[in-house]
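>>> coordinates for the following, if possible.
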Amino acid sequence: MLDPSIDRIGMPTRNNKQKLAIVKWLEKVGFIETYRCCNPQGGKFTWKNSKTQTRIDQIWIPKDLKLGLKKSDIEDMELCTESDHNLIWAKISLDSVLSLGRSYTSNCQKIERKIFLYKDATRENWEDYTGELEKVFKNLDVKKGKNSSLTPETDWTEEEEKINTLWDRIVDAILTAANKHIPSKKIKQTKKEFEKNIEVDPKYQDLKGINRLLKKRKGREGLQIDMIDQLLLNTQIDQINIRQGTQIPEVGEIWSEVWFAEAKVWKKVIQRKITEELHQKTQKEIIERVEARFGMIDKEERRMLNSILEKPWKRITIDKVIVQETTDKNTATLVTEPNEVKIAVDNYYREQFKPRNHSFNTITEEWKQEYNPKESINKAWYDNILDPIEELEWMENIRLAKKDTAPGASGISYIMIQNSGLKAREKYLELSNLVLKTGIFPRK
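Here you go, the predicted model:
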């Protein structure tokens, strides 16, 4: 219990003011409870019986997610699940944590993305951004101490972890400063656009319809039903009965307990029907996958082994090919018949990769000179190619980068880097030189 004085009613008052040890520990390590954070005076509960109501079900999140916490609430689930527990939920945006900042994807549908309005940013905006960025990096160094500088001498076993950690800090710092000081706007996809490609099973829609009817009746037993509402409700009931083969009775002129009880029974019938169909579908898929796997043992051993060993499986399908006539180079034929395609492809690869008679011993002196090392190329030119990047070189190349290019997956654009201060440039160079030395790029 988070706060016994407000999160439960109907229980004895003994120890009513004491928090549980687990709650004290969660608060000590920096977690917050979503419902109380969003509803400081909220009085909903997640469990109840005839004597008591309490909020024993909770969602705890790290403080890092607090900025992304949009909403949290408790929903009555008695009519849906007939459970004595209600549903607690929280809506959290993970943009800042995952350093995506611009958009997140669900089933390949972009719901919301943020774009920065660089053209609307004033000189003051960029000065504030630069100052904020410097402040963030300095605070990181103070908090992390010597370990914040990820030099090759750092006592870490994997260079890749150094690079990924430093990259995450840079992205987080830049986006934090940009979100505070650079004008931006969010582009949202409409609900209609999001749902247009989603197939909804009619049974689920009808189940929702019955739940809405039951909720409409809740607390209205014995009350009169408006004539128009009665007509609309009965029309909806008739449509559900036709689609699902049920016999839900029509509502009368008043809300009755008998109709409520029968409607709940038919709701359970539809729920069982959905559960059985899902089970049958799952079993069918399992059988098909098992049979396909056994079929690989006889015919596709290589594919089976690749699947077991999690090796990438890439196949090129050639279903048509253009064949050039040997007698007339300007004439070509499009071959689409499967057997002819195979023959044409085999002939091409046989000719293309046949052993070559290079005749290097008989080539002319002119061609021998072409294969000799070029005297005009000085080997010393490449001696310093892997030397650490200097700040002057970095600044010159960043200055030449285009300001209006679209940001990559990280959401960072060149103009953000160009307007960075001294401390930020140190971090950029640190990361760049680590990548240059190890050849490892950040995973994001």
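>>> now do the strands in the stretch 1-150 of the chain.
Secondary structure of the stretch 1-150 of the chain (DSSP state E, counting those that start in this stretch): strands located at 8-9, 31-33, 47-48, 53-54, 60-62, 69-75, 87-92, 103-106, 109-116.
>>> would you single out the least confident of these?
Comparing mean pLDDT over the strands of the stretch 1-150 of the chain, the weakest stretch is strand 103-106, at a mean of 39.
>>> among the strands of the stretch 1-150 of the chain, which is nearest Ile240?
Closest approach to Ile240 among these (CB to CB): strand 69-75, 23.0 Å. For every residue, glycine as well, the C-beta is placed using N, CA and C.
>>> show me what secondary structure element comes after the helix ranked longest in the chain.
Taking DSSP state H as the criterion, the chain has its longest helix at helix 257-299. Counting by DSSP states H and E, the next helix or strand C-terminal to helix 257-299 is helix 301-308.
>>> tell me the buried residues in whichever helix or strand comes after that following helix?
With elements assigned by DSSP H and E, the helix or strand that comes after helix 301-308 is strand 321-324. Residues of strand 321-324 classed as buried by neighbour count (16 or more other CB atoms under 10 Å): 321, 323.
>>> and the next helix or strand after strand 321-324, which strands flank it?
With elements assigned by DSSP H and E, the helix or strand that comes after strand 321-324 is strand 332-335. Note on strand 332-335: by DSSP bridges, its sheet partners are strand 321-324 (antiparallel).
>>> how about the CA coordinates for the partner strand, as CSV?
Output of strand 321-324 as CSV, limited to C-alpha atoms (Å, rounded to 0.1, in the frame of the first residue of the first chain):
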residue,chain,number,x,y,z
VAL,A,321,15.8,-13.3,-67.6
ILE,A,322,16.8,-11.5,-70.8
VAL,A,323,18.9,-13.6,-73.1
GLN,A,324,21.0,-11.9,-75.7
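>>> that strand: how far from the chain's middle?
Centroid separation between strand 321-324 and its chain, computed with CA atoms, centre = their mean, to the nearest Å, is 44 Å.
>>> what mean pLDDT does it have?
Mean predicted confidence for strand 321-324 is 86.
>>> check what contacts that strand and list those residues.
Strand 321-324 is contacted from outside by 331-335, 341, 344-345, 348, using CB atoms under 8 Å, 6 or more residues apart in numbering.
>>> what's the burial count for Ile163?
For Ile163, the neighbour count with other CB atoms under 10 Å is 21.
>>> same deal with Glu291?
When neighbours are defined as other CB under 10 Å, Glu291 has 9 of them.
>>> now do the helices in the stretch 1-150 of the chain.
For the stretch 1-150 of the chain, the helices defined by DSSP state H, counting those that start in this stretch cover 21-28, 34-38, 78-81, 95-98, 123-144.
>>> compare those helices and give me the one nearest Ile59.
helix 34-38 (4.5 Å).
>>> now the two most distant members of the contacts of strand 321-324.
Thr331 and Val345 (19.4 Å).
>>> out of the two, which sits in the more crowded spot?
Val345 (14 against 10).
>>> mind telling me which of the helices of the stretch 1-150 of the chain the model trusts least?
helix 95-98 (a mean of 58).
>>> ok, which of the helices of the stretch 1-150 of the chain comes nearest Lys284?
Among the helices of the stretch 1-150 of the chain, the nearest to Lys284 by CB to CB is helix 78-81 (27.1 Å).
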